[in-house]
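[1] just a sequence and a predicted model for now, questions to come.
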Amino acid sequence: MKKADFKIRLVASLIDSFICLLLFALLYWDIVNQPDLPGAFADTILALTILFNPVLILYSVLMTYYFGGTLGKLVTGLQIVAEDHKKLSFQRIFFRQTIGYSFSWIFFGLGYYAIVKDPNKQAWHDKAAGSRVVQEDNLLFQGILLSLLLLIASTYIFIQATQIFTQSPLNKEIQLLNSSLMPSPANNKKLN
């Protein structure tokens, strides 16, 4: 198994990011289709507090534990293993995907760029968790294609949802609320 370089790991990361972007686009679609502001607010709070925080972390940890990587890694032919090429323990995977990733981001993402210079192609979170990312197949082209498709799909959904929002009762309700909270120039002149 070949050590995965920065380029293919970046594409895998983009796929995972664009999957999240697609989920946010679908959430946005759901919110703008709510009939009123309380419904939109409730959906937003529910999704942000319950769905996106714990579920995305659990997705990353569980996919890595059971399948050796997230969807982005699997689609690009990558797998996360221990330094001895055996399966990582659940605790090490949990550490890698949570604290380890945070550690790699702490100085403007320098921990990720360590892959370029490191002879073992390890990021800081790999070194901290005792993991390696290996390349079983070279699926870089397929990964780039999938990331572009995910980005196009997300953009399309965002554009369509925004067009729906501009004509929706929810938009009118937000504008009405905004106008009642913000003093108008005419009201300011009356006060002076």
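    In hand now; what should we look at?
[2] give me the residue ranges of the protein where confidence is low.
    Low-confidence segments of the chain (pLDDT under 70): 50-53, 184-192.
[3] which positions within the one helix or strand Lys172 maps to qualify as buried?
    Per DSSP states H and E, Lys172 falls inside helix 169-181. Neighbour-count burial for helix 169-181 flags 170, 173 (criterion: 16 or more other CB atoms under 10 Å). Every residue, glycine included, has its C-beta placed from N, CA and C.
[4] that helix packs against which elements?
    Here helix 169-181 touches helix 6-32, helix 37-46, going by 3 or more CB pairs under 8 Å, 6 or more residues apart in numbering; DSSP states H and E.
[5] can you rerun that using 10 Å?
    In terms of contacts (3 or more CB pairs under 10 Å, 6 or more residues apart in numbering; DSSP states H and E), helix 169-181 is packed against helix 6-32, helix 37-46, helix 140-167.
[6] what's the angle from the shortest one to helix 6-32?
    Taking axes from the mean of the first three to the mean of the last three CA atoms, to 10 degrees, one finds that helix 37-46 is oriented at 150 degrees with respect to helix 6-32.
[7] repeat for the longest one
    Helix 140-167 and helix 6-32 meet at an angle of 20 degrees, taking the same axes, to 10 degrees as the criterion.
[8] for helix 140-167, which residues meet the burial criterion?
    Residues of helix 140-167 classed as buried: 140, 143-144, 146-147, 150-151, 154, 157-158, 161, 165 (neighbour count, 16+ other CB under 10 Å).
[9] so who does the nearest residue to Thr44 once chain neighbours are set aside touch?
    Distances taken as CB to CB, 6 or more residues apart in numbering put Ile31 closest to Thr44, at 5.8 Å, once the chain neighbours are dropped. By CB atoms under 10 Å, 6 or more residues apart in numbering, the contact list for Ile31 reads 39-44, 47, 161, 165, 170.
[10] what sits against Lys117?
    Lys117 touches Phe6, counting by CB under 10 Å, 6+ apart.
[11] that one and Asp5: what is the separation?
    11 Å (CB to CB, to the nearest Å).
[12] then Tyr112?
    Taken as CB to CB, the span from Tyr112 to Asp5 is 12 Å.
[13] higher neighbour count, those two?
    Neighbours were counted for Tyr112 and for Asp5 using other CB atoms under 10 Å; Tyr112 has more, 19 against 14.
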